[in-house]
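In: This is the structure alone, sequence omitted:
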């Protein structure tokens, strides 16, 4: 026991004298947390009060600096968010148990860390691999999602370490938390999800900074990338991080743009990667719009990573989730000159794929899930599949630290002048229900984008303004003022209308809806023969109001 206590004292004193003040990342925060815990647990040591005081001072300073106002850890790695959240939960638990004070900002911001963790975790309880990340890590001792309100999954039990931090009141609330679509603007993550008929559809979108500005070593060149999950499987995945000390070409493949589900221009990464940990000219991403509602989620963002090119280019991406069925990914490449454009969609290892090179349509199967990827605005675009290519370091996924597996990646390539648009339909489905997909462009005005999608009995016509401004949109007998209109034909002469930024709706010259101010999202169910309209205003986060006339 004496040797053990001596060892603890020696290590605590070493931490006191060697805190990594020059590495203002999770290293410094967690070292300071450990130092503070030694002071709290061993008050009989003569330097215990100093360990506690110095440790807590550094912890609170770094916690405020490293955790964004919306709760996202600033290194923009889901893996490190879970690690820091785990250790902060233990520290707060110990301080509360000993009636010791903490700064007023700590608990509210920690609660937001918990909320983000619950929202970003996929329905199969794995994390998206944004930034340096792996699905599991023994350093993550506690599942921070259990803190405060209980676990959001019915019949799920915490791990042993987590169990010891729970009391009866907390553990009895398990199953009461249900994640919804949510945006985290400071962290730069947006989650679209819908629970329908027992299956959860999920897409997580990255529109944030490269990493933590003082120490960006865990960031990736992944602006406007995403992961997609449906029918129990991850269908489009981030590629992970492999090994920090891997040879530079492997390390920077996993850090680079072509290991992510986004656009690479002229074969260059969005951010200039230096060595295996540093970055110059990191791409700055901007969120232009976020809507979360019962029928539609919409995210739009852009980044400036390719403004450094001789002929500068901007990538702007809009993703629509038409609930509960499908996503549309709409890309605009703005600028001038001739460029090579490469879009990537990374699939999971062991996914079975079939690519129609002529149409660019890919169908894949994994477990009980299937996915149709159908491109449109195909002028000059070529499609190919790559898997496990060691010469080009392409077609690899690392789900666990230190491991990599060959996995198919769908690459759409276009060589030509910009500006240009490119669209992709993502249609998940149960593996035993292969959908027939018909998609064609509508004849619209130059500043209006329009397409019609038919999948089985589903028949949707989508119109949106170029750039997202409110404008006049018309389809058949419908005339609206909005930035987006979706007309869904239902059986029995019924229609379902979904609009964004709406002020006016009319049918056959009759005004159905009119507002003095823009309504961010609006949906209507119309029985034209009965002259009945049910209108719903509001969104999934702030509630909704309905009316019928």
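Out: That came through, no problem. The shown structure was predicted, so the numbers you read here are calculated from the model rather than taken from an experiment.
In: Of all the residues in stretch 87-94, which ones are buried?
Out: By neighbour count, with 16 or more other CB atoms under 10 Å as the criterion, the buried positions of stretch 87-94 are 87-93. Using the backbone N, CA and C atoms, a C-beta is placed for each residue, glycine as well.
In: residues near residue 332, how many?
Out: Number of residues near residue 332 (other CB atoms under 10 Å) recorded here: 20.
In: quick one: the helices in this structure?
Out: Read by DSSP state H, the chain holds these helices, from start to end of the chain: 2-18, 26-41, 48-66, 78-97, 106-120, 160-165, 168-171, 248-255.
In: Mind putting those into JSON lines with distance to residue 464 and mean pLDDT?
Out: Written out in JSON lines, the entries for the helices of the chain read as follows (distance: least, CB to CB, whole Å; pLDDT from 0 to 100):
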{"stretch": "helix 2-18", "distance to residue 464": "56", "mean pLDDT": "96"}
{"stretch": "helix 26-41", "distance to residue 464": "41", "mean pLDDT": "97"}
{"stretch": "helix 48-66", "distance to residue 464": "38", "mean pLDDT": "97"}
{"stretch": "helix 78-97", "distance to residue 464": "31", "mean pLDDT": "96"}
{"stretch": "helix 106-120", "distance to residue 464": "27", "mean pLDDT": "96"}
{"stretch": "helix 160-165", "distance to residue 464": "45", "mean pLDDT": "84"}
{"stretch": "helix 168-171", "distance to residue 464": "45", "mean pLDDT": "49"}
{"stretch": "helix 248-255", "distance to residue 464": "34", "mean pLDDT": "94"}
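In: Residue 503 is nearest to which of those?
Out: Smallest distance to residue 503 across the helices of the chain (CB to CB): 31.3 Å, for helix 106-120.
In: ok, back up a step: want to throw the helices of the chain into TSV with distance to residue 374?
Out: Formatted as TSV, the entries for the helices of the chain read as follows, by distance: least, CB to CB, whole Å:
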stretch	distance to residue 374
helix 2-18	56
helix 26-41	41
helix 48-66	41
helix 78-97	29
helix 106-120	28
helix 160-165	42
helix 168-171	46
helix 248-255	28
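In: Okay, now the unreliable bits of this structure?
Out: 149-155, 167-176, 197, 528-533, 536-549 (pLDDT under 70).
In: need the contact list for the nearest residue to residue 277 once chain neighbours are set aside.
Out: Residue nearest to residue 277 in three dimensions, not counting chain neighbours: residue 217, with 4.0 Å by CB to CB, 6 or more residues apart in numbering. Each residue near residue 217 by CB atoms under 8 Å, 6 or more residues apart in numbering is listed here: 25, 132, 211, 277-278.
In: And residue 263, by the same measure?
Out: Remark: with contacts taken as CB under 8 Å, 6+ apart, residue 263 is in contact with 224, 257, 315, 317, 331, 333, 341-344.
In: quick one: residue 341 and residue 413 touch, right?
Out: Yes: checked against CB atoms under 8 Å, the pair residue 341 and residue 413 is within contact range at 6.9 Å.
In: neighbour count winner among those two?
Out: The residue with more neighbours, out of residue 341 and residue 413, is residue 341; 22 against 15, by other CB under 10 Å.
In: If we ignore the residues flanking it in sequence, what's nearest that one?
Out: Nearest in space to residue 341, with sequence neighbours left out and distances taken as CB to CB, 6+ apart, is residue 414 at 4.6 Å.
In: ok, now residue 479?
Out: residue 506 (4.9 Å).
In: If the one you found is in a bridge, with which residues?
Out: Using DSSP bridges, the beta-bridge partners of residue 506 come out as residue 479, residue 511.
In: and the gap between it and residue 535?
Out: Applying CB to CB, to the nearest Å, the value for residue 506 to residue 535 is 13 Å.
In: Can you pick out the residue with more neighbours from the two?
Out: Per other CB under 10 Å, whichever of residue 506 and residue 535 has more neighbours is residue 535, with 19 against 16.
In: Might one say that residue 260 is in contact with residue 219?
Out: No: counting by CB under 8 Å, residue 260 does not reach residue 219; the two are 11.7 Å apart.
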